[in-house]
Each structure stands twice: as C-alpha cells, then as structure tokens.
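Trainee: No letters, just coordinates:
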Ligand SMILES: O=C(CO)[C@@H](O)[C@H](O)COP(=O)(O)O
Ligand SMILES: [Fe+2]
C-alpha cells in the first residue's frame with residue numbers, strides 16, 4: 001500500500017446480483033457473514049444503461065436492517081434530484097458520480113445538509129485528478145474498476161494507479177473500490193491503498209461468504225500494516 005494510510009478496513013457487499021425477490025434476507029445474510037456495511041447500487045437507465053431500484057426500496061429495507069450503514073451508489077443523472085428522498089428513506093451515505101453533475105460542490109453541500117455522509121466517484125475513463133478539489137469536502141472517494149451498470153464484470157487492474165495516487169496525496173481518506181473485486185483481485189486493491197471494499201458477485205455467489213469476507217479483510221489489513229511499517 002502506498003504511504004500515509006492508517007484507515008479502517010470495511011467490507012461492503014453489493015447486492016446487485018443477489019436474488020432481489022429476497023432483498024432483505026440477502027442483505028442480512030451478508031451482514032451475518034461479517035460485512036461492515038451494504039453498498040446499494042441505484043441505476044436510472046440514463047447515467048448507466050440499466051435499471052435497479054430507488055428510494056422506495058431503501059425505505060422498505062431500512063426497518064429490516066435498522067443499524068446497518070447504507071452506502072447508496074447513485075449511478076444516476078442529476079444526482080441532486082434524489083438527496084432528500086434518499087435521506088428520508090434511511091440512506092447513510094450518498095455516493096454520486098463526478099460525471100453526473102455540473103456542480104459537485106453544491107451536490108456535496110446538499111448531501112451534508114441533509115445529514116448524510118458524502119461520497120464522490122469516478123468512472124474508469126475519468127482521470128483521478130478531477131477529484132482533487134473535492135477530497136477535503138467528502139467522506140469517501142469511489143474508484144470504479146468496471147464501467148458502471150452491471151455486476152459480474154471483469155476487474156480493471158489498470159485503475160490501481162488512481163487509488164495509489166489518492167492514498168499518496170490525501171493520506172487517510174476512505175477509498176472505496178468497486179467492480180470485479182473478490183479473492184482473486186483483492187491483493188491489487190489492497191496494495192494500491194483501498195480500504196473500503198465493495199464485492200458483489202464474488203460474495204453473493206461464494207459458498208462461504210464469511211470466509212471470503214475474512215480473507216479479503218485480512219489481505220487489506222496486512223497491506224495497511226506493511227505500509228505503516230514502511231513509513
Ligand atoms: O456499481 C457496480 C456496478 O455498476 C458494482 O457495485 C457492482 O455491482 C459490483 O458487483 P461485482 O462487479 O463485484 O460483481
Ligand atoms: Fe456499485
């Protein structure tokens with residue numbers, strides 16, 4: 001892991017590829033397996049070529065999982081549009097895409113005013129430096145390692161320098177990695193400096209999700225320890 005990091009490892013399953021007719025029990029299954037939070041993928045058919053669910057589903061899910069941190073991955077055009085609804089539905093963090101808004105600063109301010117944590121993410125073709133002006137304003141940055149829109153895609157290892165750049169220049173910020181992350185790719189994410197690990201199909205399809213989560217957590221913890229020794 002690049003230098004400067006001492007943040008907490010958090011594993012957040014993406015339930016996009018789970019049996020959505022059993023959404024609450026699939027979420028509970030992931031939490032029972034040792035997940036730290038849930039990464040809920042919202043798609044609007046405009047920003048990405050796919051549809052999932054919106055705030056009404058989050059509202060139904062919240063009472064079933066009252067204490068769970070919901071990281072809303074908002075793959076939507078005009079993300080400003082859904083901030084209040086998501087907060088009212090029970091979202092904990094609102095992670096929007098830099099590419100989806102003309103005014104990221106106002107979007108961040110509105111998320112904070114609504115009482116949620118704010119995350120900002122970039123698609124694979126977006127250079128990481130565009131995030132520089134917003135790092136001090138947000139709680140988390142998201143580096144996509146697939147083109148957003150679908151679960152089960154191939155991990156893009158060439159995104160790792162973006163994570164290393166953020167860890168190198170911005171110390172302890174929470175860096176989330178999302179797309180194709182699982183036991184086969186976690187080492188690359190850990191070495192680059194990611195500490196918030198989204199894993200969808202690898203966890204949902206795992207025969208032993210508890211062991212898969214434990215393994216990924218250990219790999220990232222060891223990378224953080226190594227980076228601290230190197231400092
Ligand atoms: O945001 C997205 C896709 O757009 C992700 O959250 C994926 O849904 C994660 O699933 P896997 O790539 O791990 O299967
Ligand atoms: Fe996601």
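Mentor: It's in. These figures come from a predicted structure and were not determined experimentally. Numbering: from 1, shown residues only. Ligands and ions are numbered 1, 2, ... in the order given.
Trainee: Would you map the helices across this structure?
Mentor: With DSSP state H as the definition, the chain shows helices at residue ranges 23-32, 55-61, 83-89, 104-113, 160-170, 186-192, 201-204, 209-230.
Trainee: export the ones you listed to CSV and tack on distance to residue 180, mean pLDDT and mean neighbour count?
Mentor: The C-beta positions use only the backbone N, C-alpha and C, and glycine is treated the same way. Formatted as CSV, the helices of the chain follow (distance: least, C-beta to C-beta, whole Å; pLDDT from 0 to 100; neighbours: other C-beta atoms under 10 Å):
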stretch, distance to residue 180, mean pLDDT, mean neighbour count
helix 23-32, 18, 98, 17
helix 55-61, 24, 98, 16
helix 83-89, 26, 98, 18
helix 104-113, 26, 98, 18
helix 160-170, 12, 98, 20
helix 186-192, 10, 98, 23
helix 201-204, 8, 98, 22
helix 209-230, 13, 96, 17
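Trainee: need the ones you listed in JSON lines with distance to ligand 2, can you?
Mentor: Formatted as JSON lines, the helices of the chain follow (distance: least, C-beta to the ion, whole Å):
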{"stretch": "helix 23-32", "distance to ligand 2": "14"}
{"stretch": "helix 55-61", "distance to ligand 2": "14"}
{"stretch": "helix 83-89", "distance to ligand 2": "15"}
{"stretch": "helix 104-113", "distance to ligand 2": "17"}
{"stretch": "helix 160-170", "distance to ligand 2": "16"}
{"stretch": "helix 186-192", "distance to ligand 2": "14"}
{"stretch": "helix 201-204", "distance to ligand 2": "12"}
{"stretch": "helix 209-230", "distance to ligand 2": "16"}
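Trainee: out of those helices, nearest to ligand 1?
Mentor: For ligand 1, the closest of the helices of the chain is helix 201-204, at 3.4 Å, according to C-beta to the nearest ligand atom.
Trainee: Can you tell me which residues in the chain are near ligand 1?
Mentor: Counting by C-beta under 6 Å from any ligand atom, the positions of the chain adjacent to ligand 1 are 14, 16-17, 39, 41, 73, 75, 146, 148-153, 178-181, 198-202.
Trainee: Let's see that with 8 Å instead.
Mentor: Neighbours of ligand 1 within the chain, by C-beta under 8 Å from any ligand atom: 14, 16-17, 39, 41, 43, 48, 50, 73, 75, 144-153, 155, 178-182, 198-204.
Trainee: Can you name the residue of this structure nearest to ligand 2?
Mentor: residue 73 (3.7 Å; C-beta to the ion).
Trainee: these two touch, right, that residue and residue 94?
Mentor: No: in this structure, residue 73 is not within contact of residue 94 by C-beta atoms under 8 Å, at 9.4 Å.
Trainee: and the residue of the chain found nearest ligand 1, what is it in contact with?
Mentor: Ligand 1 sits closest to residue 200 of the chain, with a gap of 2.3 Å, by C-beta to the nearest ligand atom. The contact partners of residue 200, by C-beta atoms under 8 Å, 6 or more residues apart in numbering, come to 13-17, 151-152, 181.
Trainee: next one: residue 76
Mentor: By C-beta under 8 Å, 6+ apart, the contact set of residue 76 is 42-44, 46-47, 82, 96, 100.
Trainee: Now neighbour count too, for those residues, in a markdown table please.
Mentor: Putting these into a markdown table (neighbours: other C-beta atoms under 10 Å) gives the following:
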| residue | neighbour count |
| --- | --- |
| 42 | 26 |
| 43 | 21 |
| 44 | 19 |
| 46 | 12 |
| 47 | 21 |
| 82 | 20 |
| 96 | 29 |
| 100 | 21 |
